[in-house]
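# Predicted model and sequence follow; I will ask about them next.
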Amino acid sequence: MLSVNEVEEIILNLVEILDVEKDSEIVSLENIEGRVLAQAVKGKLDFPHWDNSAMDGYAVRYADVKDCSGDNPTTLKVVTEIAAGDRPNVEIKSGQTARIFTGAMLPVGTDTIVIQENTTRKGDEVIILSAPQEQEFVRHKGTFYQAGTPILKAGIKIGAPEIAVLATAQCTELSVYRRPRVAILSTGDELVTPEQSLQPGQIVDSNQYALASFVAQNGAIPVKLGIVPDKPEELKKAIAQAIDSADIVLSTGGVSVGDYDYVDRILAELGGTLHIRSVAVKPGKPLTVATFENNNCLYFGIPGNPVSALVSCWRFVQPPLIKLTGQNNYQPRFITATTRHDLKAGGRRETYLWGQLHLVDGNYEFALAGGSHSSGNLINLAQTNGLAIVPVGENFIAADREVVVMLVD
Ligand SMILES: Nc1nc2c(c(=O)[nH]1)N[C@H]1C(S)=C(S)[C@@H](COP(=O)(O)OP(=O)(O)OC[C@H]3O[C@@H](n4cnc5c(N)ncnc54)[C@H](O)[C@@H]3O)O[C@H]1N2
Ligand code: MOO
Ligand SMILES: [Mg+2]
């Protein structure tokens with residue numbers, strides 16, 4: 001059986017990189033939240049746009065005040081007042097100063113700001129009580145960003161700070177990658193929707209909802225294709241349609257060795273190349289990954305057990321899915337934590353145990369979810385933000401020892 005790392009590498013290599021021209025669209029600044037830049041953005045303005053004050057106080061010529069102190073104060077004449085938004089129209093000469101406020105443009109002749117706490121105002125004069133540093137509290141034009149250089153790189157996902165940058169640079173129309181379409185179907189005669197009443201032997205199709213949420217959270221468009229019964233002809237039709245309509249297909253169930261597990265056979269009949277059939281991982285051992293020459297589609301046959309389904313998504317679908325959204329940063333994130341509980345594993349498969357990470361005095365602690373760690377128990381999966389990993393060959397990690405944890409969000 002292939003190892004987790006081998007499978008991860010095979011899958012990532014199957015992802016076709018998006019085309020900057022073909023796979024991009026223009027969106028406005030208003031609608032860019034969560035999208036991924038297809039092209040680097042260059043601003044046309046320096047930032048700060050002009051020298052301005054970082055504090056409320058007085059704009060001075062450093063040479064005038066460099067030697068002053070409480071015992072040896074300097075008195076300057078206040079010849080103008082400049083608020084943020086004002087355009088100064090006076091040149092400050094030696095012996096003069098301008099009253100200035102945070103964000104206001106520096107007037108010609110000045111190079112330094114004295115904060116008002118270090119002054120005493122007397123009518124149209126101000127007494128400077130301590131010498132500032134040269135150029136203190138001046139935000140110089142172009143020191144944060146120079147016009148014409150890249151302000152944001154291609155391949156980054158846009159959130160609040162990036163939107164602030166784009167707004168400041170007055171970039172209101174941006175080229176972003178299209179969102180990949182991910183078709184989701186649940187296979188199984190036993191499945192009903194959450195609205196249907198449950199008959200003996202039936203189970204609610206939770207995977208459809210979990211996977212749609214997972215897909216949306218990762219910046220792609222979930223296309224929910226519903227429940228497909230374990231009938232080869234119906235399943236074949238549904239899978240063929242899904243492959244035709246999406247960049248990625250996620251089906252759950254029907255990939256193990258049972259008599260009604262038809263997915264692999266159908267993928268082969270449809271001309272798919274099966275790259276992976278199973279992984280040495282627990283949960284999530286049965287995992288089918290296939291590609292189709294005619295449609296640029298990556299197919300994941302994910303195990304039906306609800307915990308296996310989400311763990312497979314987090315570990316094996318999330319990196320290629322993020323890669324397909326155009327992001328540069330798609331690798332899973334691992335940290336080292338101290339486990340609060342004993343962690344047990346079979347030793348033959350890399351084992352992922354779900355729970356919560358807590359930051360305590362600067363160190364991460366992993367708390368194993370209480371209750372059964374059966375791959376059918378989705379109840380205690382709620383609030384999972386980390387998966388503790390027990391490597392192949394190990395059966396036990398004792399409480400208070402270190403464990404590698406994969407971050408989940
Ligand atoms: N003899 C063996 N049996 C099994 C093996 C094995 O190696 N030898 N592997 C087990 C493992 S591990 C897993 S994981 C499951 C995977 O099964 P399938 O992917 O074939 O899925 P199903 O048989 O269709 O269903 C399994 C389980 O999950 C429930 N299920 C299915 N779909 C959904 C859904 N959409 N929402 C919620 N729950 C779902 C289903 O009712 C079953 O209980 O196979 C083991 N068997
Ligand atoms: O791999 Mo299964 O997911 O162990 O239950
Ligand atoms: Mg099965």
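On my side now, so go ahead. Numbering: from 1, shown residues only. Ligands and ions are numbered 1, 2, ... in the order given.
# Get me the contact residues on this structure for ligand 1.
Residues of the chain lying close to ligand 1 by CB under 6 Å from any ligand atom are 186, 188, 190-191, 203, 205-208, 252-258, 261, 283, 285-286, 303-306, 308, 375-376. Glycine gets a C-beta too; all of them are placed from N, C-alpha and C.
# In strands, which of those residues fall?
186, 191, 203, 252, 286 (DSSP state E).
# Quick one, which of those are buried?
Among these, those buried by neighbour count (16 or more other CB atoms under 10 Å) are 186, 191, 252, 286.
# farthest pair in the residues you listed?
Within these, 191 and 286 form the most distant pair, 17.5 Å apart (CB to CB).
# List phi and psi for the closest residue to ligand 3 within the stretch 101-250 of the chain.
Closest residue of the stretch 101-250 of the chain to ligand 3, CB to the ion: residue 188 (8.4 Å). Main-chain dihedrals, residue 188, degrees, to the nearest 10: phi 150, psi 130.
# can you pull the contacts of it?
Each residue near residue 188 by CB atoms under 8 Å, 6 or more residues apart in numbering is listed here: 203, 205, 227, 229-230, 253-254, 304.
# What residues are bridge-paired with residue 121?
Going by DSSP bridges, residue 121 is paired in beta bridges with residue 126.
# any chance you could map the helices in this protein?
For the chain, the helices defined by DSSP state H cover 4-14, 62-65, 160-168, 207-217, 232-245, 263-269, 306-312, 318-324.
# Give the buried residues for the shortest one.
For helix 62-65, burial by neighbour count (16+ other CB under 10 Å) applies to 62, 64-65.
# right, and out of those, which lies closest to ligand 1?
residue 62 (71.0 Å; CB to the nearest ligand atom).
# which strand residues sit across from the residue nearest the centre of the chain in the sheet?
By CA atoms, centre = their mean, the mean C-alpha position of the chain lies nearest to residue 157, the distance being 6.5 Å. Beta-bridge pairing for residue 157 (DSSP bridges): residue 36.
# For it, give me the pLDDT.
Note for residue 157: predicted pLDDT of 97.
# Counting neighbours, what do you get for the residue nearest to residue 82 when sequence neighbours are not counted?
Spatially, and ignoring its direct neighbours in sequence, residue 82 is nearest to residue 104 (4.5 Å; CB to CB, 6 or more residues apart in numbering). As a burial measure, residue 104 scores 23 neighbours (other CB atoms under 10 Å).
# what do you get for residue 371?
Under the neighbour criterion other CB under 10 Å, residue 371 is assigned a count of 10.
# Against residue 377, how distant is it?
Per CB to CB, to the nearest Å, residue 371 is found 7 Å from residue 377.
# Include distance to residue 85 and mean pLDDT when you put the helices of the chain into JSON lines, please.
As requested, the helices of the chain are exported to JSON lines (distance: least, CB to CB, whole Å; pLDDT from 0 to 100):
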{"stretch": "helix 4-14", "distance to residue 85": "51", "mean pLDDT": "97"}
{"stretch": "helix 62-65", "distance to residue 85": "25", "mean pLDDT": "98"}
{"stretch": "helix 160-168", "distance to residue 85": "16", "mean pLDDT": "98"}
{"stretch": "helix 207-217", "distance to residue 85": "41", "mean pLDDT": "98"}
{"stretch": "helix 232-245", "distance to residue 85": "53", "mean pLDDT": "96"}
{"stretch": "helix 263-269", "distance to residue 85": "64", "mean pLDDT": "97"}
{"stretch": "helix 306-312", "distance to residue 85": "52", "mean pLDDT": "98"}
{"stretch": "helix 318-324", "distance to residue 85": "42", "mean pLDDT": "97"}
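# right, so of those helices, which gets closest to residue 343?
helix 306-312 (15.1 Å).
# And for the closest one, what's in contact with it?
Contacts for helix 306-312 (CB under 8 Å, 6+ apart): 206-207, 210-211, 214, 252, 281, 283-287, 300, 302-303, 352, 354, 374-378, 381, 387.
# Just the buried ones from those?
206-207, 210-211, 214, 252, 281, 283-287, 300, 302-303, 352, 354, 375, 378, 381, 387.
# mind checking the backbone torsions on the closest residue to ligand 1 within the stretch 301-409 of the chain?
In the stretch 301-409 of the chain, the residue found nearest to ligand 1 is residue 304; the distance is 2.7 Å by CB to the nearest ligand atom. As for residue 304, its main-chain torsions (degrees, to the nearest 10) stand at phi -70, psi -30.
# Skip the chain neighbours and tell me the closest residue to it.
Closest to residue 304 by CB to CB, 6+ apart is residue 253, at 3.1 Å.
# is it true that that neighbour touches residue 288?
No - contact criterion CB atoms under 8 Å: residue 253 and residue 288 do not qualify, at 11.2 Å.
# Show me the beta-bridge partners of residue 224.
Applying DSSP bridges, one finds that residue 224 bridges with residue 184.
# give me the number of residues near it?
Taking other CB under 10 Å as the neighbour definition, residue 224 ends up with a count of 15.
# distance of it from residue 217?
15 Å.
# The nearest residue to residue 389 once chain neighbours are set aside pairs with what?
Spatial nearest neighbour of residue 389, excluding adjacent residues (CB to CB, 6+ apart): residue 404 at 4.9 Å. In this structure, residue 404 bridges to residue 336, residue 389 when assessed by DSSP bridges.
# need the contact list for residue 112.
59-62, 65, 132-138.
# what does residue 377 give?
307, 371.
# hang on, the earlier thing: which of the contacts of residue 188 count as buried?
205, 227, 230, 253-254, 304.
# which one of the helices of the chain is the most hemmed in?
Most buried of the helices of the chain by mean neighbour count (mean count of other CB atoms under 10 Å) is helix 306-312; its value is a mean of 26.
# how about stretch 7-26, does it get close to ligand 2?
No - Stretch 7-26 lies out of reach of ligand 2 by CB under 6 Å from any ligand atom, never closer than 13.0 Å.
# so how far is that stretch from its chain's centroid?
Per CA atoms, centre = their mean, to the nearest Å, the displacement of stretch 7-26 from the mean C-alpha position of its chain is 17 Å.
# tell me the contacts of whatever residue of the stretch 51-200 of the chain ends up closest to ligand 1?
Proximity of the stretch 51-200 of the chain to ligand 1 (CB to the nearest ligand atom) peaks at residue 186, 3.6 Å away. Neighbour list for residue 186: 205, 207-208, 226-228, 251-253, 304 [criterion: CB under 8 Å, 6+ apart].
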